[in-house]
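**Student:** got a sequence here, can you model it:
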Amino acid sequence: MLELSLSWLGLGPVAASPWLLLLLAGASWLLARILAWTYAFYDNSRRLQCFPQPPKRNWFLGHLGLVPPTEQGMSKLTELVAKYSQGFRVWMGPITPIIVFCHPDLIRIVANASGTQAELVVVGAMTPLWASSPSLPSFHAKWQRLIKEGHTHLDMFEHISLMTLDSLQKCVFSYDSNCQEWMMEMFKDCLRLDSGAFRAGVILGILLSLQDEDGKGLSDEDIRAEADTFMFEGHDTTASGLSWILYNLAKHPEYQERCRQEVQELLKDGEPKNIEWDDLAQLPFLTMCIKESLRLHPPVTVISRRCTQDTVLPDGRVIPKGVICLISIFGTHHNPTVWPDPEVFDPFRFDPENIKGRSPVAFVPFSAGPRNCIGQTFAMTEMKVVLALTLLRFRVLPDKEEPRRKPELILRAEGGLWLRVEPLSAGQQ
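**Tutor:** Residues are numbered from 1 along each chain as shown. Predicted structure coming up:
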């Protein structure tokens, strides 16, 4: 039997059993992995020193808790963006560096550098469904009933979230859930979806008909994934966007009235329920208000990317392979070097004359790069229609208390986003 000399450990010859050899091989592999990781960690740390870094809370936590998901955290992020206008480095604990970007010049590079393929885009002409969908009439009728009962203070998130869920189910599955009134019935109905209780809606129909270059259709898993994207990503994000838009219009009644007059002028010769796709292009000021609200209160405040290769920035700095980058949508939209007076609600920022020369990545409420939001056209269409028809029937007024922003998966408000709602008389509509 072979013997191993371990004199360097102060031991004599030891029989080289298979188990001992296996143990030594495992220990050598583990030691090599630790040394390789340690070298990579210090090498990355050295290469990332070119990115500025705010003071750590302590060596163990790093920057954890520096920007909590509260109103104070949003204010702290605004301060960091004002100080580090290009971006900055933070540490999640003692060993995990993350680069936060908040300037369009760098976001443009990072958003396109991951090597991921573009997500499937299936949004087309979906407007005919808006006229036939019962979600908006049910939504407005519910508000009318609540107002008659004396409930003029309404939580926008609660009501609009149910309405957008109704709309999505109609457009994706051609299925009328009416979940605004019958939430429990909706879940019962969902259990019957596979029994022929629904038919393919516009989005589902497009997904079923799509084929790749070889004429092969999408798999059931692909179709389910895309439908889930619409239902679960388009539901709360659109509700958040609409709620904050109504809040901003309530805070600026002059802009709200101008939007209302624009809609009234557009529909003066027709019925509101007959709003068509071409009509939406004739609401420029309403569109400007939507975009400015999405800038000020983006539904999704941050997205992440992991670099799959060393990424060189325009200024020569390099992001090492494997480093996680955060694209701060909120930070970019509140960057004073990109948007003068970023905390002011000013729809005229999106006037066609003012857009000229501005980076297309300066405004990214639906993300940027090849993994852009699959439903952004759908979301913009829904927001325009909902706002146009809501402003025709109601006036929204601010509540006494200012909402406190609460970024979760989407941007919410602590305790809800409450506004006062007044119905318009027939002569005002």
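**Student:** I410 contacts T237, doesn't it?
**Tutor:** Yes: checked against CB atoms under 8 Å, the pair I410 and T237 is within contact range at 5.5 Å. (Glycine included, C-beta is placed from N, CA and C.)
**Student:** between those two, which is the more surrounded one?
**Tutor:** T237 (23 against 20; other CB atoms under 10 Å).
**Student:** just say helix, strand or coil for the nearest residue to that one once chain neighbours are set aside.
**Tutor:** Excluding its sequence neighbours, the residue lying closest to T237 (CB to CB, 6 or more residues apart in numbering) is P299, at 4.2 Å. Of the three states, P299 takes coil under DSSP: H, G, I helix; E, B strand; the rest coil.
**Student:** residues contacting P299?
**Tutor:** By CB atoms under 8 Å, 6 or more residues apart in numbering, the contact set of P299 is 236-238, 240-241, 244, 365, 410-411.
**Student:** give me that answer again for 7 Å
**Tutor:** Applying CB atoms under 7 Å, 6 or more residues apart in numbering, we find P299 in contact with 237, 240-241, 365, 410-411.
**Student:** longest helix anywhere in this protein?
**Tutor:** helix 18-47 (DSSP state H).
**Student:** report the mean per-residue pLDDT for that helix.
**Tutor:** For helix 18-47, the mean pLDDT works out to 85.
**Student:** name the helices or strands packed onto that helix?
**Tutor:** Contact here means 3 or more CB pairs under 7 Å, 6 or more residues apart in numbering; DSSP states H and E; on that basis helix 18-47 packs against no helix or strand.
**Student:** buried ones in that helix?
**Tutor:** Within helix 18-47, the residues that qualify as buried are 44, 47, counting by 16 or more other CB atoms under 10 Å.
**Student:** what mean pLDDT does whichever helix or strand comes after that helix get?
**Tutor:** Sequence order places helix 71-83 as the next helix or strand after helix 18-47, per DSSP states H and E. Helix 71-83 shows a mean pLDDT of 96.
**Student:** and the following helix or strand past helix 71-83, what other elements does it pack with?
**Tutor:** Per DSSP H and E, the first helix or strand lying C-terminal to helix 71-83 is strand 87-91. Contacting strand 87-91 under the criterion 3+ CB pairs under 7 Å, 6+ apart are the following elements: strand 97-101.
**Student:** and the strand it packs on with helix 18-47, angle?
**Tutor:** Here strand 97-101 points in a direction 30 degrees away from that of helix 18-47 (axes from the mean of the first three to the mean of the last three CA atoms, to 10 degrees).
**Student:** please save the CA atoms from strand 97-101 in CSV.
**Tutor:** Only the C-alpha atoms of strand 97-101 are listed here, as CSV (Å, rounded to 0.1, in the frame of the first residue of the first chain):
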residue,chain,number,x,y,z
PRO,A,97,-21.2,45.0,-4.5
ILE,A,98,-24.0,46.5,-6.5
ILE,A,99,-23.7,49.4,-8.9
VAL,A,100,-26.7,51.8,-9.0
PHE,A,101,-27.2,53.8,-12.2
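**Student:** now the residue nearest to S359 when sequence neighbours are not counted, what are its backbone angles?
**Tutor:** Among residues not flanking S359 along the chain, P104 sits closest, at 3.9 Å (CB to CB, 6+ apart). Main-chain torsions, P104, degrees, to the nearest 10: phi -60, psi -30.
**Student:** state the pLDDT value of P104.
**Tutor:** So P104 comes in at 94 (pLDDT).
**Student:** pretty sure it is touching T337, no?
**Tutor:** No: between P104 and T337 there is no contact under CB atoms under 7 Å: 9.9 Å.
**Student:** please tell me how far F394 sits from E265.
**Tutor:** Separation of F394 from E265 (CB to CB, to the nearest Å): 18 Å.
**Student:** who has more neighbours out of the two?
**Tutor:** The neighbour comparison of F394 against E265 (other CB under 10 Å) goes to F394, with 21 against 11.
**Student:** in this structure the more buried one contacts L424, no?
**Tutor:** Yes: with contact defined as CB under 7 Å, F394 counts as touching L424 (6.4 Å).
**Student:** quick one, what contacts S328?
**Tutor:** 100-102, 302 are the contacts of S328 under CB under 7 Å, 6+ apart.
**Student:** how about 8 Å then?
**Tutor:** Applying CB under 8 Å, 6+ apart, the residues near S328 are 77, 81, 100-102, 301-302.
**Student:** spatially, what comes nearest to it if we skip its sequence neighbours?
**Tutor:** C102 (4.6 Å).
**Student:** sorry, back to before: out of the contacts of S328, the closest to M380 would be?
**Tutor:** T301 (18.8 Å; CB to CB).
**Student:** is it true that the closest one touches L411?
**Tutor:** Yes: counting by CB under 8 Å, T301 touches L411, with 5.7 Å between them.
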